[in-house]
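J.: I would like to see how this sequence folds:
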Amino acid sequence: MKKLFLTSYFARTADLFKQSCVDSASEKKIVLIPTAANVDEYKKHIEKAEQKLTELGFAVERLDLPAVTECIAREKIEQTPYLYVAGGNTFYLLQELKRKNLLPLIVERVNKGMVYIGESAGGMITAPNIEYVELMDPKELGPELTDYAALNLVDFYFVPHEGEFPFAEAVEEMKRVYGDKHKLVAINNSEAVVVDGDKVKKL
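T.: Numbers count the residues shown, from 1 in each chain. Predicted coordinates:
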């Protein structure tokens, strides 16, 4: 069954993840993709997320997409029961996932039971399309993208950092511009969205 945990800031929602998505019977092994932050100055959220995952008993393996071959990236994703996709620039992230042809594989693995954790940008790429994110992230950081079709794992458009500095204004603009076009689901940094099969719940 499909299971996703979407959050703005994992370090503040790790307990919600533990309660809703950690199966005591499954192997506590997780692949963490930090790639979206490669083009951002701020990267502390990745270190904090990795620390929280370690505290929860996970063996964390980082997988930075530009640094590995497509074959290695596919192998790591095929073998992990949990996949964590960190925040940063959503357009750069989508570009790098497409360069390694990973979108269909991630969708296939999620549909077969791999738990997907998406933080900020990692959550927004679960939408059908990420064009709406241009109000939050500069899309010129993904110059190779020819379209903005994303993972399409959910039928809504995830909006992180509601009411949170420095994204509060961008979130309000997203709601104003896209609120009538898309089904937006916005959360602050202390909340999370859990997708369990066909059920979607905000925690």
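
J.: pLDDT at Ala25, what is it?
T.: Looking at Ala25, its pLDDT is 71.

J.: where does it land in three-state SS?
T.: coil (DSSP: H, G, I helix; E, B strand; the rest coil).

J.: is it true that Tyr92 touches Ala37?
T.: No: between Tyr92 and Ala37 there is no contact under Cβ atoms under 8 Å: 9.1 Å. The way it works is simple: take the backbone N, C-alpha and C, and place the C-beta from them, glycine included.

J.: more crowded one of the two?
T.: Tyr92 (26 against 23; other Cβ atoms under 10 Å).

J.: what helix or strand is that one on?
T.: Using DSSP states H and E, Tyr92 maps to helix 90-99.

J.: against which helices or strands is that helix packed?
T.: Packing contacts for helix 90-99, counted by 3 or more Cβ pairs under 8 Å, 6 or more residues apart in numbering; DSSP states H and E, involve helix 121-124.

J.: in the sheet, which strands lie alongside the helix or strand just after the helix it packs on, parallel or antiparallel?
T.: Moving toward the C-terminus from helix 121-124, the next helix or strand (DSSP H and E) is strand 157-159. If you go by DSSP bridges, strand 157-159 pairs up with strand 184-186 (parallel).

J.: got the buried residues for the partner strand?
T.: Neighbour counts over strand 184-186 (16 or more other Cβ atoms under 10 Å) mark Leu184, Val185, Ala186 as buried.

J.: now do stretch 169-183
T.: Buried-residue list, stretch 169-183, by 16+ other Cβ under 10 Å: Ala170, Val171, Glu172, Met174, Lys175, Tyr178, His182.
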